[in-house]
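Asker: With the sequence up front, the predicted model follows.
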Amino acid sequence: MKLEIGNFNVKNVMFGKTSSFKDGTLIINKEDALAIVFEDEHITEADIVLTKPGDSVRIVPVKEAIEPRFRLNGGPTFPGVTGKIERVGEGKAVALKNCSVLAVGKHWGSFGDGLIDMSGEGAKYTIFSKLNNICLVADTDEAFERHEQQKKNHALRWAAHRLAEYLGSIVKDMTPEETETYALDPITKRKEETKKLPSVVFVMQPQSQIEELGFNVLNYGWDTNRMLPTFMHPNEILDGAMIGASYMCASSKWSTYDFQNCPMIKTLYREHGKTVNFLGIIMSNLNVSLEQKERAAMFVQQMATSLGADAAIVTEEGYGNTDADFIECIKLLEEAGIKTVGMVNECTGSDGTSQPLAALDVAADAIVSCGNVSTLLELPAMETVIGELESLMRDGLSGGWEDDDELGPSVREDGSIIMANDSMFCGDSVLGQSIKTMKEF
Amino acid sequence: MNQLKKGILYLNQFFGQIGGEDKAGYEPTIQEGVVGAGMLLNNLLDDAEITHTLICGDNFMGSNESEAVEKILGYLEDKEFDIFFAGPAFQAGRYGNACGVICKAVKEKFNVPVITSMHKENPGVDMFKKDVFIFKGGDSAAKMRNDMTKMATFGNKVLKDEENKGAEAEGYFKRGIRLEVFLEDETPACERTMSMLLNKINDEPFVSELPIPELDRVPIAPAIELDGAKIALITSGGIVPVDNPDKIQSSSATRWGRYSIEGLERLGNRSDEAFKTIHAGYDPAAADADPNIVLPLDALRAYEKEGKIGSIHDYYYATVGTGTAEGEAKRMALEIIEHLKQDKVDAVILTSC
């Protein structure tokens, strides 16, 4: 399978008469773009707000991030979301790099929503502060979940994906500045030299904890709660097969943008044929009951063994209950003689003294750690807020609170905030981008 | 020129030049300036001086600990100091214990940095490493200069407010405190993972970023006679009165609540405006429709009627377990236990979600 992504590096975004891209400047006709957003009658109010790195801007509640893309073979860019189910990962697509579409609540936040600061101390805690962000700020008529802590955020998330596809389409007839090529031969048809290298699978455990449909990560539009571990080509993940969830605490979250740009997959591609034979992805999940966890780990073990994996990398989108899936999976892989490294974030409490993962096992002897969900962040006010600042404390965001005996409320009258890293949007970049680690003090 | 910062040093009778084993019963004293090994420390400090030296016999501290601590804290009450040192204690068990005891007490009372040094076999290491910076020291006084240098170097750092680079880099025993840091070389996790994997594949050494800690397991309590027993219900499943009167957080909770169930046959649900769950770590639909599935009051009332148990305690206790730090959970449990003891509860059924 061969995928070519043609890149256009966005240096600047502005509104204008005609949507176009020239010399690094992306011009968006706001009316056209909003027309795409309002295709769903459940969107009641919407605006597009632009922000760039260095702005004194705070964005909250952020529900999803997507890299603008467009597939050139006629099928939808996000199968199951912006169109019917068609296979992705093969052929050509174009991408607007260095920018992302953010789905932002005009008022209402939910448990998994996050915060992004575009400058100052807070900016270093998320990679999204380094992108030109095209914020879709909207409200919907989804009254049934307005005052629920857990929201599916369906209308807003789907609208953001449509918008990302629309923006991608702006460059569909243009020649890309550079092209990334991702190709893997079928496992049994590889060069002898490659076959001799240690074979590696990448086991991904996306968020799937909610029994009710509509909250979890989607795989080709299919709710991963109802999925058993399955074998996938890495190109499918890079090319829009996986859609971010609307549940997991923000710093642990894998947004659609993170799937599209998965750093671990890119590193494995780079090493393929040099140091390892990259077999592909085992897409597992993180369901809540013990039986489901054991069944999933068993499937992963069997698949990795049948594929002939010598080594594996395992990563989870979550912490707490899901640590059991992460550890069980590593344990079974190690038991099968597959040398495994885990990639994860921790929950050691704001004072650092709590057990780092809810489940632990001596088999997990090689772990790369990406951050602490409980780190307390005290951040100064920003000149502008995109969204609604109160949502951080009012709407049950995982890292915000209404009141605390010692710390007071998360949002202060002067606009400064105190929050747990938990609500920093994709803050722990567990798919490989994190430059944080954990240390003993 | 900046004014010199002030430090105080604790030594045993031997290093404080009072005498050997025959003077191990020496009662604590305080002297102005430096004595014995304190000279070395004083010379190693950059912008600080040792203003006083405390000396106490190892046996005196061992057999009269509270008296010794009380005396020493009393001596310190009217002294100004920015930092406190003890030892180094090398492999001497009694001295190690004394250094640990006094450092911990000084830190609690005066909230200044406390620094000591011990050999890894010294029992004082395991007893006090969580509370005190204990530097990895030699096994005998031959290592005095080396050990004192480590203590002084870190002391200088603390006094200058320089960054603590972590237990490993600084050379003290791990205190069980794990915090996130940004890597100076900014190597992303995917590259760290790749090189760790290649090392593991090739049987080359690698260092896990999350060494598996020893688990703090609590043994299961012995069985009790249920006949006549008073049973309390506690849940970390977030079942609270609908208005959540104690504002318990729905994740990373630091609060708990105590709510009456006196006379209730079963818990009413969210639409009755009675009880609901505020736990953000699971799908609330089922628990909101019937909170008894998380806090099984209905089932326990049936047992009560059948005479299987004596009675149900009139209050239940609730908090939220998702993302809740283990340390916070322990603190909340200890607070709740006080109430349970007072109310003479015999056993607890603890439900999660």
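Answerer: Structure's in. What do you need? Numbers count the residues shown, from 1 in each chain, chains lettered A, B, ... in the order given.
Asker: so what's whichever residue of the stretch 1-150 of chain A sits closest to chain B scoring on pLDDT?
Answerer: In the stretch 1-150 of chain A, the residue that lies nearest chain B is residue A:111 (4.9 Å; CB to the nearest CB). From N, CA and C alone the C-beta is placed, and that goes for glycine too. For residue A:111, the pLDDT comes out at 96.
Asker: Distance-wise, check it relative to residue A:153.
Answerer: Per CB to CB, to the nearest Å, residue A:111 is found 11 Å from residue A:153.
Asker: Read off the pLDDT value for residue A:405.
Answerer: On pLDDT, residue A:405 comes in at 89.
Asker: for residue B:215, that is, sorry about that
Answerer: So, for residue B:215, pLDDT stands at 66.
Asker: Would you mind listing where the stretch 101-250 of chain B has pLDDT under the threshold?
Answerer: The stretch 101-250 of chain B contains residues with pLDDT under 70 at B:214-216.
Asker: residue boundaries of the strands in it?
Answerer: Secondary structure of the stretch 101-250 of chain B, counting by DSSP state E, counting those that start in this stretch: strands at B:114-118, B:133-136, B:178-182, B:230-235, B:239-241.
Asker: now the stretch 251-353 of chain B, which segments are flagged as low pLDDT?
Answerer: Scanning the stretch 251-353 of chain B with the threshold set as pLDDT under 70 gives no residue ranges.
Asker: Residues of it that sit close to chain A?
Answerer: B:251-252, B:254-255, B:278, B:280-285, B:322-323, B:325-328 (CB under 8 Å from any CB of the partner chain).
Asker: Which among those residues count as buried?
Answerer: Among those, those scoring as buried are B:251-252, B:254-255, B:278, B:280-284, B:322-323, B:325-328 (criterion: 16 or more other CB atoms under 10 Å in any protein chain shown).
Asker: how near is the most centrally placed residue in chain B to residue A:441?
Answerer: In chain B, the residue lying closest to the centroid (CA atoms, centre = their mean) is residue B:130, at 6.2 Å. Using CB to CB, residue B:130 is found at 12 Å from residue A:441.
Asker: which neighbours do the two share?
Answerer: Overlap of the contact sets of residue B:130 and residue A:441 (by CB atoms under 8 Å, 6 or more residues apart in numbering or on different chains) consists of residue B:175.
Asker: Please work out which residue of the stretch 201-350 of chain B is closest to chain A.
Answerer: Closest residue of the stretch 201-350 of chain B to chain A, CB to the nearest CB: residue B:325 (3.0 Å).
Asker: which residues does that residue contact?
Answerer: Residue B:325 neighbours (CB under 8 Å, 6+ apart): A:347-351, A:353-354, A:374, B:252.
Asker: do the same with residue B:129
Answerer: B:173-176.
Asker: do the same with residue A:401
Answerer: Residue A:401 touches A:393, A:407, A:409-410, B:249, counting by CB under 8 Å, 6+ apart.
Asker: Would you confirm that residue B:96 belongs to a strand?
Answerer: No - per DSSP: H, G, I helix; E, B strand; the rest coil, residue B:96 lies outside any strand segment and is helix.
Asker: How many residues are close by the residue nearest to it when sequence neighbours are not counted?
Answerer: In this structure, residue B:96 finds its nearest non-sequential neighbour in residue B:124, 2.9 Å apart by CB to CB, 6 or more residues apart in numbering or on different chains. When neighbours are defined as other CB atoms under 10 Å in any protein chain shown, residue B:124 has 26 of them.
Asker: Residue B:156 is in contact with residue B:46, correct?
Answerer: Yes - using CB atoms under 8 Å, residue B:46 makes contact with residue B:156 at a distance of 4.8 Å.
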